[in-house]
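>>> I would like the atomic coordinates for the input below:
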Amino acid sequence: MEEWVLADGFSKHRVAIDRLIQLRVFTETSDRKKETSYRLNPTFQTNLQKHLIYGGVLPREPMPSNITVRLPSLDDLEAYALGQWECFLLQLISSTQTEKLTNFSSSMMKVFQRGLLTQSLWIQMHNFGTS
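Got it, this is the predicted structure:
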């Protein structure tokens with residue numbers, strides 16, 4: 001691979017190789033001539049082959065039934081997310097009404113409100129031609 005690298009890109013190439021070694025994608029080997037070569041990690045290679053064969057979707061092992069019984073359905077997740085979003089919006093409008101219903105920290109709400117105010121002020125100033 002080093003033969004393909006242009007002179008000005010050699011340091012970036014070395015950094016990339018070192019990072020792939022750190023991530024254990026490559027393994028470093030030395031031959032009899034003490035030349036360094038790289039191989040794909042066998043586990044990574046096997047999973048990459050599976051990924052390519054199955055079109056990006058790896059086959060999954062079935063989950064044990066004692067876990068799947070406890071998982072919420074998609075409808076349950078959607079209802080929960082919608083409820084949380086509604087509480088969040090209500091708390092933005094009036095924090096005293098929904099304070100008991102949500103787990104949102106007051107500091108998080110203040111940061112979000114400040115962000116909205118800052119954004120709306122910037123939009124207003126931009127629309128009026130001032131900055």
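
>>> for whichever strand or helix holds S37, packing partners?
Secondary structure assigned from DSSP states H and E places S37 in strand 36-40. Packing partners of strand 36-40 (3 or more Cβ pairs under 8 Å, 6 or more residues apart in numbering; DSSP states H and E): helix 10-22, strand 26-30. (Each C-beta comes from the backbone N, C-alpha and C, glycine too.)

>>> switch to 6 Å and redo it
strand 26-30 (3 or more Cβ pairs under 6 Å, 6 or more residues apart in numbering; DSSP states H and E).

>>> Restrict the strand it packs on to CA atoms and write it as CSV.
C-alpha atoms of strand 26-30 as CSV (Å, rounded to 0.1, in the frame of the first residue of the first chain):
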residue,chain,number,x,y,z
PHE,A,26,-4.9,-4.6,11.1
THR,A,27,-2.3,-6.8,12.8
GLU,A,28,1.3,-6.1,12.2
THR,A,29,3.6,-9.0,11.2
SER,A,30,7.3,-9.2,10.3
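
>>> Pull out the buried positions in that strand.
F26 (16 or more other Cβ atoms under 10 Å).
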